[in-house]
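Asker: this one's structure only:
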């Protein structure tokens with residue numbers, strides 16, 4: 001059977017018509033499979049295999065999709081796949097009767113069936129179900145991709161994830177592991193007294209933050225609204241309100257570029273805790289990663305894209321300036337002025353983003369990106385970020401050019417972000433204003449979140465906050481190259497484009 005790749009070929013069109021003709025014949029006989037409402041099953045494929053000594057010789061009822069078919073003389077061997085795995089069916093005319101056997105002979109690979117029969121082991125030792133009755137539960141009107149080649153076209157896999165999940169069992173395992181990872185993160189935080197909350201997805205303000213939002217419209221109030229680019233500001237309002245520990249597993253939307261590491265909508269975990277700082281969060285994220293990795297993978301050492309990553313080892317910690325000194329051989333402490341920083345960038349051919357050449361902090365960040373990020377293969381925490389690129393982080397009391405912020409990197413990629421939260425409402429207003437002015441210079445709409453400033457004026461205790469990218473964590477633990485491999489339905493161009 002040919003793989004589906006767009007417009008039907010003549011051969012495929014013929015197959016589609018044959019399947020529809022079979023469905024029509026079934027309906028004419030009063031055996032419309034789509035009229036079946038439910039099927040009582042009492043066993044799953046994986047359970048029969050794992051606990052065969054309990055099932056052997058006993059009657060079972062299983063249900064699933066036909067994914068393989070082999071006729072061997074007077075017997076047929078089918079592969080039945082359910083949500084747990086696959087099991088072989090053994091079918092003979094004297095086992096299910098002439099009428100049931102004649103009906104069964106018109107079915108196709110891809111059909112969903114219910115099977116009653118005896119669990120047994122074949123002469124070749126394969127655990128199987130010897131059928132005593134078959135029921136067609138749903139007719140597949142399109143063929144599955146060809147047996148030996150499967151579905152390998154990544155564009156079709158992402159667009160038709162339902163087919164990908166049917167024919168590529170390892171993909172189902174990836175998404176099972178994704179659910180496990182999220183469950184383990186929740187368990188880790190819940191056990192430490194964090195309260196899971198929900199905050200609004202729709203906001204009335206386009207904020208000054210660097211990320212670009214999606215715009216929508218609320219007809220009831222004739223009001224433009226924006227899909228959230230973070231959950232941070234609402235969560236910190238809750239710390240103002242008296243909660244000590246809160247977190248949210250939230251969908252985030254950013255109207256920006258797409259690549260193997262970025263999707264316009266993604267999932268993050270943000271957490272906030274009163275009376276701790278960024279050093280406490282360094283300990284927390286390291287423990288969280290080690291715990292979740294051990295519980296999900298059974299080991300602290302994983303392989304990602306052919307590289308061994310030791311998540312269970314002690315994580316290295318470097319300041320951003322220290323990382324630049326280590327990997328670029330340049331000591332930012334020697335920059336006395338912004339001009340010194342720009343001269344160093346010019347000497348090392350480091351490009352600084354246009355419009356941000358005035359501040360040494362932007363130059364430091366450019367040095368770090370150019371010389372350091374791709375060297376951080378093993379888990380590494382980079383801390384003390386320049387204030388120019390950290391609008392929500394608290395300044396270091398003894399060095400106000402830097403903030404109490406860190407990001408952690410694995411395999412040369414930033415995996416999460418954290419800081420001691422800025423709780424000075426006057427300083428916060430000034431930084432928000434600078435952000436808004438920069439975005440307006442770019443011709444973009446941006447406003448200060450006055451209600452958040454109002455909340456800060458009531459008093460935010462010293463607080464640590466951390467953001468963790470779920471999709472990137474899942475990519476790491478499932479050895480997935482692209483973020484699209486860990487999103488069930490990634491954003492795609494319309495087919496006509």
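Answerer: Everything's here; your move. Everything numeric in this text was worked out from a predicted model, so none of it was measured.

Asker: CA atoms for contacts and neighbours, from now on please.
Answerer: Will do.

Asker: just checking, residue 289 touches residue 311?
Answerer: Yes: with contact defined as Cα atoms under 8 Å, residue 289 and residue 311 form a contacting pair (7.2 Å).

Asker: neighbour count winner among those two?
Answerer: residue 311 (22 against 18; other Cα atoms under 10 Å).

Asker: tell me the contacts of that one?
Answerer: 289-290, 293, 300-302, 378-379 (Cα atoms under 8 Å, 6 or more residues apart in numbering).

Asker: what's the most distant pair in those residues?
Answerer: 293 and 378 (14.3 Å; Cα to Cα).

Asker: Could you check which of these two has the larger neighbour count?
Answerer: residue 293 (22 against 19).

Asker: That one belongs to a strand?
Answerer: No: applying DSSP: H, G, I helix; E, B strand; the rest coil, one finds residue 293 to be helix, outside a strand.

Asker: That one: what's it in contact with?
Answerer: Residue 293 touches 299-300, 311, 477, counting by Cα under 8 Å, 6+ apart.

Asker: from the contacts of residue 311, which is closest to residue 455?
Answerer: residue 289 (32.2 Å).

Asker: Could you check how far residue 324 is from residue 371?
Answerer: 7 Å (Cα to Cα, to the nearest Å).

Asker: So between the two, which is more surrounded?
Answerer: residue 324 (24 against 17).

Asker: How about the more buried one, nearest residue that isn't a chain neighbour?
Answerer: In space, and not counting its chain neighbours, residue 324 is closest to residue 368: 5.7 Å by Cα to Cα, 6 or more residues apart in numbering.

Asker: Residue 323 is in contact with the one you found, correct?
Answerer: Yes: between residue 368 and residue 323 there is a contact under Cα under 8 Å: 7.2 Å.

Asker: Residues contacting stretch 108-126, please?
Answerer: So stretch 108-126 is contacted by 39, 41, 48, 52, 55-69, 88, 127-140, 142-144 (Cα under 8 Å, 6+ apart).

Asker: Surely residue 127 touches residue 89?
Answerer: No: look at residue 127 against residue 89 with Cα under 8 Å: they stay out of range, at 9.1 Å.

Asker: what about these two, which has more around it?
Answerer: residue 89 (22 against 19).

Asker: So that one versus residue 36, what's the distance?
Answerer: Distance from residue 89 to residue 36, by Cα to Cα: 22 Å.

Asker: next one: residue 341
Answerer: Going from residue 341 to residue 36 by Cα to Cα gives 73 Å.

Asker: more crowded one of those two?
Answerer: residue 341 (24 against 12).

Asker: where does the more buried one fall, helix, sheet strand or coil?
Answerer: helix.

Asker: Contact partners for it?
Answerer: 332, 335, 360, 363-364.

Asker: quick revisit: restrict the contacts of residue 293 to the buried ones and give me that as a ChimeraX selection.
Answerer: To isolate the buried ones among these in ChimeraX, judged by 16 or more other Cα atoms under 10 Å, type:
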select :300,311,477
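
Asker: Which parts of the stretch 201-350 of the chain are strands?
Answerer: In the stretch 201-350 of the chain, the segments counted as strands under DSSP state E, counting those that start in this stretch are 202-203, 215-218, 223-227, 245-253, 265-274, 301-304, 307-310, 316-319.

Asker: Can I get the ones you listed in CSV including mean neighbour count, distance to residue 416 and mean pLDDT?
Answerer: As requested, the strands of the stretch 201-350 of the chain are exported to CSV (neighbours: other Cα atoms under 10 Å; distance: least, Cα to Cα, whole Å; pLDDT from 0 to 100):
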stretch, mean neighbour count, distance to residue 416, mean pLDDT
strand 202-203, 16, 23, 94
strand 215-218, 14, 26, 95
strand 223-227, 17, 21, 95
strand 245-253, 21, 14, 97
strand 265-274, 22, 9, 97
strand 301-304, 17, 18, 98
strand 307-310, 16, 17, 98
strand 316-319, 15, 14, 98
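
Asker: could those go into a markdown table alongside distance to residue 76?
Answerer: Formatted as a markdown table, those follow (distance: least, Cα to Cα, whole Å):
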| stretch | distance to residue 76 |
| --- | --- |
| strand 202-203 | 56 |
| strand 215-218 | 56 |
| strand 223-227 | 54 |
| strand 245-253 | 47 |
| strand 265-274 | 46 |
| strand 301-304 | 41 |
| strand 307-310 | 45 |
| strand 316-319 | 59 |
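
Asker: Please enumerate the helices of the stretch 151-300 of the chain.
Answerer: 154-159, 161-167, 169-191, 232-240, 278-297 (DSSP state H, counting those that start in this stretch).

Asker: closest one to residue 494 among those helices?
Answerer: Nearest to residue 494, of the helices of the stretch 151-300 of the chain and by Cα to Cα, is helix 154-159 at 9.4 Å.

Asker: which strands and helices sit next to that closest one?
Answerer: helix 161-167 (3 or more Cα pairs under 8 Å, 6 or more residues apart in numbering; DSSP states H and E).

Asker: same for the helix it packs on, what does it pack against?
Answerer: helix 154-159, helix 169-191.

Asker: Indicate which one of those is closest to residue 100.
Answerer: helix 169-191 (29.9 Å).

Asker: Let's test this: mean pLDDT of that closest one, rounded?
Answerer: Per-residue pLDDT over helix 169-191 has a mean of 97.

Asker: For residue 352, what are phi and psi?
Answerer: Backbone torsions for residue 352, taken as degrees, to the nearest 10, come to phi -110, psi 130.

Asker: Residue 20 now?
Answerer: phi -70, psi -40.

Asker: Local confidence estimate at the spatially closest residue to it that is not a sequence neighbour?
Answerer: Excluding the flanking residues, the one nearest residue 20 by Cα to Cα, 6+ apart is residue 141, at 6.4 Å. We have a pLDDT of 95 for residue 141.
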